[in-house]
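curious how this folds, go ahead:
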Amino acid sequence: MLYLKNQHQFFKHLIVGPLVLSVIIPLLIMDIWTEIYHRICFPLMRVPYVKRKDYIKIVDRAKLSYLNVPQKFFCMYCGYGNGVIRYWAKIATETELYWCGIKHKKDRDLFPPDYQKNFADYDNENDYKNKYAVKN
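Sure, this is the predicted structure:
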């Protein structure tokens with residue numbers, strides 16, 4: 001059984017576990033769709049492929065001897081889920097850079113994404129043209 005501090009956690013896990021595991025369905029659908037997009041569009045846009053293995057690690061934590069079987073399973077599940085989302089985010093970042101490498105307008109309610117630090121400054125036509133060699 002998973003490491004439980006008390007009996008109440010067991011009942012919480014009985015409720016939460018199926019919901020956590022149900023996320024595999026949208027993850028797999030989105031993963032297949034994103035990979036099709038990645039493999040078709042990136043070569044056409046001449047954007048280098050994103051290496052999947054750099055983002056998704058599944059079995060490394062399952063090799064830890066101090067984890068029991070359910071813990072190893074959930075470590076693998078979370079490794080896939082969080083890794084594949086990071087992988088998609090990198091693919092989305094490269095797509096955004098290709099189509100619109102411009103920072104968002106400064107807004108106190110928006111935390112600017114780190115990946116946009118090298119994008120052209122918002123409302124700076126010269127920066128945009130210099131970075132992306134836009135020719136009229």
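
CA only for contacts and neighbour counts going forward, please
Fine.

how is the protein divided into domains?
7-99, 101-136 (automatic domain parsing).

out of those domains, which one sits most buried?
domain 7-99 (a mean of 14; mean count of other Cα atoms under 10 Å).

where do the helices sit along the chain?
Ranges of helices within the chain are 7-22, 24-45, 69-100, 125-132, based on DSSP state H.

of those, which is nearest Asp114?
Proximity to Asp114 (Cα to Cα) singles out helix 69-100 among those, at 10.4 Å.

the closest one packs against which elements?
Judged by 3 or more Cα pairs under 8 Å, 6 or more residues apart in numbering; DSSP states H and E, helix 69-100 is in contact with helix 24-45.

okay, Phe11: pLDDT?
At Phe11, the predicted lDDT confidence score is 84.

on that earlier part again, turn the helices of the chain into CSV, columns for distance to Asn118.
Shown next, in CSV, are these (distance: least, Cα to Cα, whole Å):
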stretch, distance to Asn118
helix 7-22, 36
helix 24-45, 20
helix 69-100, 10
helix 125-132, 9
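
contacts only, for the residue nearest to the spatial centre of the chain.
Nearest to the mean C-alpha position of the chain, by Cα atoms, centre = their mean, lies Arg86 at 2.0 Å. With contacts taken as Cα atoms under 8 Å, 6 or more residues apart in numbering, Arg86 has the following neighbours: Tyr55.

and if you look at the one 5 residues further on?
Residues in contact with Ile91, defined by Cα under 8 Å, 6+ apart, are 38, 50.

all good on my end, thank you.
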